[in-house]
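S.K.: would you be able to build a 3D model of this:
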Amino acid sequence: MALSSLPNVNVIGAETKILVKKLWKKLPLVSNLSIVEGILNILDYSNIKDFPVVIEFFEAGGPVASGYKYITHIKVFSKSEKVFLSYREVRDFVNPKPRLVVSNEKEIPHDVYKEILTDLNNHKVTELNRNFISNTISEDKPNFFSLTLGNIIRVRFDYLISHKDLPEFEPYEHIIQLMKNILFSNLR
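M.R.: Numbering: from 1, shown residues only. Next up, the predicted model:
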């Protein structure tokens with residue numbers, strides 16, 4: 001449909017017709033942007049020399065009975081052309097000290113790093129930028145996931161534990177479980 005073939009009906013006011021023409025001109029641009037987003041593959045940016053990586057996950061549960069409080073902090077990052085996994089898991093708080101603290105930092109093979117990126121890519125992580133707590137007033141420290149690959153890809157979502165009950169949180173929960181699986185498979 002050509003721009004000149006837009007209906008010239010009196011029902012459409014002059015301002016509306018101008019707005020429609022402006023939007024019509026932008027339609028191909030919006031269409032091209034969605035195609036670019038559709039083909040974005042984070043594996044194309046797995047070269048840590050050109051695209052330094054920081055993948056970070058933080059989640060804290062509470063305030064509930066002290067035996068159920070926890071803190072999970074996982075970070076995958078590059079340094080000197082190597083990739084490292086850093087984690088800290090704190091559980092089972094008793095008056096106010098935890099009984100279980102596990103932490104470590106170790107280099108991970110590049111294959112493992114690529115597997116992590118593949119899993120994140122399979123869960124369409126680049127589509128998950130969202131701040132669930134922007135309108136929520138809370139004194140709780142927000143839980144979050146973030147992914148940075150060089151200056152090309154930046155993804156972040158912030159949430160509270162209560163947001164996990166929302167139906168629209170399901171794709172975000174997949175990323176959280178993926179990060180926890182990385183932790184549990186590396187607790188050695």
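
S.K.: where exactly do the strands run in the chain?
M.R.: Using DSSP state E, the strands of the chain run over residues 53-61, 70-79, 82-94, 97-108, 130-131, 143-149, 153-159.

S.K.: report all helices and strands that the second one contacts.
M.R.: When contacts are defined as 3 or more C-beta pairs under 8 Å, 6 or more residues apart in numbering; DSSP states H and E, strand 70-79 packs onto strand 53-61, strand 82-94, helix 170-185. (Each C-beta comes from the backbone N, C-alpha and C, glycine too.)

S.K.: right, and His123 touches Leu178 too?
M.R.: Yes. Here His123 lies in contact with Leu178, judged by C-beta atoms under 8 Å, at a distance of 6.6 Å.

S.K.: quick one: low-confidence residue ranges for the chain.
M.R.: 1-40, 62-68, 92-98, 135-140, 187-188 (pLDDT under 70).

S.K.: got the domain boundaries for it?
M.R.: 3-39, 44-185 (automatic domain parsing).

S.K.: hang on, Tyr113 packs against Phe77?
M.R.: No. Using C-beta under 8 Å, Tyr113 makes no contact with Phe77, being 10.2 Å away.

S.K.: shared neighbours, these two?
M.R.: 53, 83 (C-beta atoms under 8 Å, 6 or more residues apart in numbering).

S.K.: who has more neighbours, these two?
M.R.: Tyr113 (20 against 17; other C-beta atoms under 10 Å).

S.K.: check contacts around that one.
M.R.: Neighbours of Tyr113 in contact, by C-beta under 8 Å, 6+ apart: 46, 48, 53, 76, 83.

S.K.: what separation do you get for the last one and Asn104?
M.R.: In this structure, Val83 lies at 15 Å from Asn104, with C-beta to C-beta, to the nearest Å as the measure.

S.K.: what do you get for the fourth one?
M.R.: Val76 is 13 Å from Asn104, where distance means C-beta to C-beta.

S.K.: may I have the beta-bridge partners of Ser146?
M.R.: Glu56, Arg156 (DSSP bridges).

S.K.: grab the nearest non-local neighbour of Thr118.
M.R.: Leu43 (6.4 Å; C-beta to C-beta, 6 or more residues apart in numbering).

S.K.: pretty sure Lys141 contacts Ala60?
M.R.: Yes. Here Lys141 reaches Ala60: they are 6.3 Å apart, a contact under C-beta under 8 Å.

S.K.: compare those two and say which is more crowded by neighbours.
M.R.: Taking neighbours as other C-beta under 10 Å, Lys141 and Ala60 compare with Ala60 leading, 17 against 10.
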